[in-house]
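**Student:** pasting a predicted model and its sequence here:
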Amino acid sequence: MPVGTQATVKALTPGDLRAAGVQMILGNTYHLSLRPTAERIARLGGLHRFMAWDGPILTDSGGFQVFSLADRRSVDDDGVTFRSHLDGSTHRLTPERAMEIQALLGSDVAMVLDQLVDPSLPRPEVAEAMARTHRWAERSLAARGRPDQAVFGIIQGGVDPELRRESAAFIGALPFDGIAVGGLSVGESKAEMARTLDVVADALGADPRPRYLMGVGSPVDFFTAVERGIDLFDCVLPTRVARTGQVWTDAGRLNLRNAAFLDDPSPIDPACRCEACANHSRAYLAHLFRARELLAYRLASVHNVTWTLELLRRLRASLADGSFSVLHAGVERAFARESAPAPGPDA
RNA sequence: GGGUAGGUUGAGCAGGUGGUGAGCUCCGCUGACUGUAGAUCAGCCGUCUUUCGACUGUGGGGGUUCGAUUCCCUCCCUGCCCA
């Protein structure tokens, strides 16, 4: 699911999304409730009609903003009080209100309000946020408003195996339509993420419901997660990095702002069939980025979303024909720079 | 021809009225980004050096001075005004 926080996957039209092979997108409770407001979207016929996207939409609950806007909110057992990043006004989000907003938006999948925390915090704080997430999960189920909307629960627990196991058991025991793993890709190591997904996979066992890893991921992360039973992803990376000039290819990542591409007549990825690769050169994109031309953002986003979804299509095919590990190794090799340890300030 | 204001590191500017000018914004170079307060942010951006640091640099030339970006002479270049 490409991320379309504000009722748009930035720089892309619904037509672009369909051409890129997008099946489902993500929208956001927090942002849309502030602007243009959930009530207005409801009056205008719901989120699908509002943004002219007739495919499935999953809406995030605002749980991530509980984490990312830590300096302008306060959390208590009943809910979260935010100060708007737009105008500083105060807003209250409870599990019930998050469900109400998502019912108004009319998304196909609603997420429960959860509390994720920095996994490096002391264990009692991680455990407290997990316990609160569990209580909020039960309240969210009780508050679900419409039968045509699926609701997913969210497993928390940081990178502590025992807490994760406990959370997976608790959330897995509730009658959700799908199970999400939250609180990862927030600074923990790749090994910690993999280990945590192992614990969750073990705890959920043969549970047939769809499993969604929230906020992931990078090309390599998909393999790590699918190996551990994950079915569904959302991530801002393909579109965000595209807007800053980075494109993903079978040969790894390219930064189109680099001077080396100014004279490169080849397409971003010769194997890609997207609009950008079919019609334009790296040199053209490099020029557009330098000139800050708006087309740069669309073409790069079209490419990254297309390429990412094609990667996932190939990943699914590799599961069927047994070539998963070969494909995995190839992507690991191409994107090796990503997993290389970043030089520290003293290095 | 006369007058006047200027000439600072790729560009545009600060600053500097005898003793420390490498400061800003662009441009440029590179990196980062994981449930989007992000078409954003960070580092670098005279030369040498990995760093520390060293050196050079205020249009050219000359003069005064222990010492000149600063004072004097002269030349060159640019804008504006007058003829």
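**Tutor:** Thanks, I have the structure now.
**Student:** please see if whichever strand or helix holds A:Val302 touches RNA strand B.
**Tutor:** Using DSSP states H and E, A:Val302 sits in helix A:294-321. Yes. Among the residues of helix A:294-321, A:Leu294, A:Tyr297 lie within reach of RNA strand B under CB under 7 Å from any atom of the strand. C-beta: built from backbone N, CA, C; applies to glycine.
**Student:** could I get the average pLDDT for that helix?
**Tutor:** Mean pLDDT, helix A:294-321: 98.
**Student:** and that helix, what does it pack against?
**Tutor:** Using 3 or more CB pairs under 8 Å, 6 or more residues apart in numbering; DSSP states H and E, the elements in contact with helix A:294-321 are helix A:14-19, helix A:219-226, helix A:237-243, strand A:246-249, helix A:275-279, helix A:282-290, helix A:324-334.
**Student:** save those as CSV, and put in distance to RNA strand B and mean neighbour count too.
**Tutor:** Listed next are these as CSV, based on distance: least, CB to the nearest atom of the strand, whole Å; neighbours: other CB atoms under 10 Å:
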stretch, distance to RNA strand B, mean neighbour count
helix A:14-19, 12, 17
helix A:219-226, 5, 21
helix A:237-243, 3, 21
strand A:246-249, 4, 22
helix A:275-279, 16, 17
helix A:282-290, 4, 20
helix A:324-334, 13, 15
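**Student:** can I get these in CSV including mean pLDDT?
**Tutor:** Converted to CSV, those look like this (pLDDT from 0 to 100):
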stretch, mean pLDDT
helix A:14-19, 98
helix A:219-226, 97
helix A:237-243, 98
strand A:246-249, 98
helix A:275-279, 98
helix A:282-290, 97
helix A:324-334, 97
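**Student:** and of these, who's closest to A:His303?
**Tutor:** Of all the helices and strands packed on helix A:294-321, helix A:275-279 sits nearest to A:His303, with 4.4 Å by CB to CB.
**Student:** now that closest one, how far from the chain's geometric center?
**Tutor:** Centroid separation between helix A:275-279 and its chain, computed with CA atoms, centre = their mean, to the nearest Å, is 26 Å.
**Student:** may I have that helix exported as CSV, CA atoms only?
**Tutor:** Extracted in CSV, the C-alpha atoms of helix A:275-279 (Å, rounded to 0.1, in the frame of the first residue of the first chain):
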residue,chain,number,x,y,z
GLU,A,275,5.9,5.8,-17.9
ALA,A,276,9.1,7.3,-16.8
CYS,A,277,11.3,4.4,-18.0
ALA,A,278,9.3,4.1,-21.2
ASN,A,279,9.7,7.7,-22.3
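**Student:** how about chain A, which residue sits the furthest from its center?
**Tutor:** A:Asp263 (34.6 Å; CA atoms, centre = their mean).
**Student:** and the gap between that one and RNA strand B?
**Tutor:** Separation of A:Asp263 from RNA strand B (CB to the nearest atom of the strand, to the nearest Å) stands at 11 Å.
**Student:** mind listing what that residue touches?
**Tutor:** A:Ala283 (CB atoms under 8 Å, 6 or more residues apart in numbering).
**Student:** does it count as helix, strand or coil?
**Tutor:** coil (DSSP: H, G, I helix; E, B strand; the rest coil).
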